[in-house]
Every structure is written in structure tokens, then in C-alpha cells.
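S.K.: Have a look at this prediction, sequence included:
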Amino acid sequence: MKVLEIKQDMYKFDDTDFQPHGGGQPADRGKIKSKSFEGNVLDVTKEDSKIWHKIEITKGELKKGDEVKAEIDMPRRMKLTKMHTGEHILFKALQTFLPDLELDKIRLDEDESSLFVIMPNLDWDVAFKAEELANKIIFENKEVILHKVLKEKANEFKGLRIKAERIKEPEIKVIEIKDFDFSACTGTHCKTTKEIGSLIITHLRSSGPGKYELRFKVDNLKEFLEFSKLSRQGMDILGTERDKFIVTLNNLKENYEKFKKQAREATINQEIEKEEFNGIEFYFHIFEDADKKQLTDKANSVMKENTYVAFVNKTEKGNQLLLFGKKAGDLMQTLLKELNGRGGGKDRFAMGQFDKTAEELISRTKRLIA
């Protein structure tokens with residue numbers, strides 16, 4: 001490889017085996033070496049048909065015209081290749097059961113990747129069916145074929161998934177998974193589906209209205225066994241059989257939410273402390289993990305013209321101070337500066353987050369009001 005152009009830490013060579021990022025797949029990493037030079041390739045990008053390498057120099061200097069050798073991190077590339085091919089199969093498997101499913105974006109990583117899709121409703125029942133179909137395609141060892149064709153001939157591939165407006169070059173790459181899928185895509189892909197090993201969906205969650213994120217892993221017998229182990233342990237702890245496991249978990253969740261609500265209501269119904277000074281009524285109390293709306297309702301039930309209410313709500317993230325009364329925002333700003341807290345507010349209500357004890361927050365608030 002010969003250096004043709006240099007722009008700060010970006011280098012262009014006469015040829016390269018490094019894969020630029022594209023199609024959701026991160027760029028290759030590796031090293032560039034010669035007798036007098038060594039550097040780490042941190043990123044590879046493609047701009048106007050030119051491929052640029054971002055290099056962190058660790059030894060020597062690289063000049064225009066120098067000859068170098070490339071060492072690609074092949075284990076990393078292979079992991080990303082399996083992920084990328086697995087993503088194609090997973091999306092098509094999902095689309096088999098949900099024909100209106102749309103691809104939003106993908107994020108590929110070495111250990112766990114994400115597929116973001118658009119669909120009014122997506123649940124685990126469909127995800128499991130897609131996972132099962134994806135593994136069936138993987139185990140059938142289908143051929144993965146790369147086609148290079150002119151953009152105007154892309155319609156020759158029936159059912160091709162393509163975003164033509166994003167493709168600037170006249171030639172496109174079409175990845176065919178034999179008898180299953182066609183997709184216009186850059187990046188690297190396996191030669192056969194069996195190379196992927198296996199595929200497991202690890203998480204399914206909503207990422208916005210009508211949007212979902214499916215996180216998945218490939219080549220993952222270890223993960224399959226781990227999830228199986230957790231399921232068996234869970235059934236043993238709950239004393240239930242496999243066909244009743246999910247029902248039992250749902251019942252436990254409902255009971256937990258019910259008890260949590262009851263506990264919060266019991267906490268809110270506690271008597272709150274009151275002191276009077278200089279014609280001011282000062283109400284205060286310390287709660288644990290209480291609902292903000294319920295605290296606000298509690299404060300409003302005692303609020304009058306010359307009344308202040310200070311509630312401290314203990315949470316996992318620290319102590320929240322809720323302050324009600326005249327110029328609550330100004331008082332809170334003073335407390336935030338004095339106690340190094342975070343928050344803000346307006347004239348009648350303010351809230352802040354502090355690392356101080358609940359007792360100190362009540363004491364400092366009382367001192368400011370008095």
C-alpha cells in the first residue's frame with residue numbers, strides 16, 4: 001500500500017483491504033506498519049469514492065509516497081460479519097410474520113447488536129417466532145451471495161430491500177441469502193449462514209411510539225445455556241412448572257405493584273410535622289420513594305397565604321427536596337448553591353436533588369424561611 005494523500009490524521013492509500021463503516025457496520029480496525037512506522041487504524045470512512053483511514057501514530061512518521069503493510073483485526077471483523085449477516089436474517093424473519101414491518105436503523109457491535117424497527121405493535125410472541133425462523137435459516141447453511149449490479153437494474157431482484165435515495169454510486173451491492181432474502185447493503189457478510197452459529201434475541205423494548213429495539217447476539221451457545229439456566233432456577237424458586245412460569249411471574253408482578261401502591265399510600269397518609277414562627281406555618285416531613293403527585297397534593301392540602309412546606313423524598317438517586325410557598329424558586333437556588341445540589345423551580349414550587357441528609361435539608365430550609 002502506498003500513501004497517496006494526507007489530511008491531518010487521515011490517510012488515503014492506492015489500495016486498501018480495510019472496510020469503511022456502512023450499513024450499520026463499524027469500520028475495520030487494525031495496524032499500518034513499515035520498517036520505520038507503526039500506527040493504529042481507529043476509523044475508516046468513504047467520501048466521494050475515496051477511502052480515508054484515521055491513524056493514531058505510535059512510532060515514526062508517515063509521508064506521502066511511503067509503502068506500508070496493513071494488519072486488519074480479523075477476529076473483530078469476523079464477529080461483526082456474523083452480526084451483520086445475522087441482522088439480515090433476523091429482520092427478514094420478523095418481516096415474514098409482520099409484512100408491514102419497516103427498518104429504522106441498525107447498530108452493530110462485536111458482542112451485542114441492536115435492530116430498530118417501526119411497527120404499531122411488536123411483542124415477544126412474534127419475536128420468538130422470528131428467532132426460531134432465523135435459527136432455522138442459519139442451521140440450513142444457506143449460501144450468502146454477493147451481487148454487484150448497476151443501480152438501474154436493482155429491480156431485477158424480487159423483494160429487494162433497498163433505500164435507493166441513499167446510494168450515490170452507479171453500482172450497488174446486493175446481498176442474497178439463498179431462497180430467503182435480497183438486500184442492498186455494504187459491509188462484510190458470511191459466505192454461508194452456518195458461519196453465524198446461532199442467534200438469540202436478548203432484549204425487546206419500545207424505543208418510542210411505534211418503534212422497537214431488538215437486541216441480539218450471534219454464535220452464542222453460551223447465552224442460550226445461560227438463559228436456560230436462569231429460567232430453570234426461576235421455576236425452581238417459584239415452585240412452578242414450565243407451562244405456568246410466565247403466568248406465575250405476571251401474578252407476582254401484579255401483586256408487587258399492588259403492594260408498592262399500598263405502601264406509598266400508607267406513607268403519604270402519615271401525619272406531617274408543623275412549626276410556627278414569625279406568623280409563618282412551616283410544614284415538613286421525610287418520605288421514602290413517594291409519588292411526586294401525591295406529595296404535591298399533600299402539600300396543597302395545607303397551603304395557605306403564609307405557609308411553607310418542605311418534603312424530603314428519599315430515592316435511590318439521592319434525597320429530593322420539594323419546596324412549596326412564596327419565592328420557593330429563589331429559596332431553592334440559595335440551597336442549591338450552598339449545598340451543591342441540582343434542580344430549580346418557580347415562585348410557588350421548586351425541587352432539588354442533594355447528597356445531604358434529609359434532616360440537614362429540612363434544617364437548612366427552615367433556617368432560610370425563618
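M.R.: Received it, and whenever you're ready, just let me know what you need. Residues are numbered from 1 along each chain as shown.

S.K.: which SSE is residue 367 in?
M.R.: helix 358-369 (DSSP states H and E).

S.K.: What are the structural domain limits within this structure?
M.R.: Here the domain parsing of the chain from automatic domain parsing is 3-72, 77-242, 270-369.

S.K.: Quick one: end-to-end distance for the shortest one.
M.R.: Distance between the boundary residues of domain 3-72 (CA to CA, to the nearest Å) amounts to 17 Å.

S.K.: what about dumping the CA coordinates of the helix or strand bottoming out on mean pLDDT in the chain to CSV?
M.R.: Counting by mean pLDDT, DSSP states H and E, the weakest-scoring helix or strand in the chain turns out to be helix 245-268, with a mean of 83. Taking Å, rounded to 0.1, in the frame of the first residue of the first chain, the C-alpha atoms of helix 245-268 are listed here in CSV:
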residue,chain,number,x,y,z
PHE,A,245,-43.9,-20.0,34.6
ILE,A,246,-44.9,-16.8,32.8
VAL,A,247,-48.4,-16.7,34.4
THR,A,248,-46.8,-17.0,37.8
LEU,A,249,-44.4,-14.2,37.0
ASN,A,250,-47.2,-11.9,35.8
ASN,A,251,-49.1,-12.6,39.0
LEU,A,252,-46.1,-11.8,41.1
LYS,A,253,-45.6,-8.5,39.2
GLU,A,254,-49.3,-7.5,39.7
ASN,A,255,-49.0,-8.3,43.4
TYR,A,256,-45.8,-6.4,43.7
GLU,A,257,-47.3,-3.3,42.1
LYS,A,258,-50.3,-3.6,44.3
PHE,A,259,-48.2,-3.8,47.5
LYS,A,260,-46.0,-0.9,46.3
LYS,A,261,-49.0,1.3,45.8
GLN,A,262,-50.4,0.4,49.2
ALA,A,263,-47.0,1.1,50.8
ARG,A,264,-46.9,4.5,49.1
GLU,A,265,-50.4,5.4,50.2
ALA,A,266,-49.6,4.4,53.8
THR,A,267,-46.5,6.6,53.7
ILE,A,268,-48.4,9.6,52.2
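
S.K.: Verify the contact between residue 172 and residue 186 for me.
M.R.: No. If you go by CB atoms under 8 Å, residue 172 and residue 186 don't touch, sitting 9.0 Å apart. The C-beta positions use only the backbone N, C-alpha and C, and glycine is treated the same way.

S.K.: The two: who's more crowded?
M.R.: Between residue 172 and residue 186, counted using other CB atoms under 10 Å, the more crowded position is residue 172 (21 against 18).

S.K.: Next, the contact list for the more buried one, please.
M.R.: If a contact means CB atoms under 8 Å, 6 or more residues apart in numbering, then residue 172 has 148-151, 154, 162, 184 as its contacts.

S.K.: Scan those residues and report the most crowded one.
M.R.: In terms of neighbours by other CB under 10 Å, the contacts of residue 172 top out with residue 184 at 21 neighbours.

S.K.: how close does residue 322 get to residue 135?
M.R.: 51 Å (CB to CB, to the nearest Å).

S.K.: do residue 110 as well
M.R.: Taking CB to CB, one finds residue 110 at 21 Å from residue 135.

S.K.: Those two: which has the busier surroundings?
M.R.: residue 135 (21 against 14).

S.K.: packing partners for the helix or strand hosting that one?
M.R.: For residue 135, the enclosing helix or strand under DSSP H and E is helix 124-139. If you count contacts as 3 or more CB pairs under 8 Å, 6 or more residues apart in numbering; DSSP states H and E, helix 124-139 packs onto helix 74-97, strand 199-208.

S.K.: Next, the buried residues of it.
M.R.: 126-127, 130-131, 133-135, 137-138 (16 or more other CB atoms under 10 Å).

S.K.: ditto for stretch 17-32
M.R.: 18-21, 23-32.

S.K.: Reformat those into JSON lines and put secondary structure and pLDDT next to each item.
M.R.: As requested, the buried residues of stretch 17-32 are exported to JSON lines (DSSP: H, G, I helix; E, B strand; the rest coil; pLDDT from 0 to 100):
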{"residue": "18", "secondary structure": "coil", "pLDDT": "92"}
{"residue": "19", "secondary structure": "coil", "pLDDT": "89"}
{"residue": "20", "secondary structure": "coil", "pLDDT": "90"}
{"residue": "21", "secondary structure": "coil", "pLDDT": "87"}
{"residue": "23", "secondary structure": "coil", "pLDDT": "74"}
{"residue": "24", "secondary structure": "coil", "pLDDT": "82"}
{"residue": "25", "secondary structure": "strand", "pLDDT": "88"}
{"residue": "26", "secondary structure": "coil", "pLDDT": "92"}
{"residue": "27", "secondary structure": "coil", "pLDDT": "93"}
{"residue": "28", "secondary structure": "coil", "pLDDT": "92"}
{"residue": "29", "secondary structure": "coil", "pLDDT": "94"}
{"residue": "30", "secondary structure": "strand", "pLDDT": "94"}
{"residue": "31", "secondary structure": "strand", "pLDDT": "95"}
{"residue": "32", "secondary structure": "strand", "pLDDT": "92"}
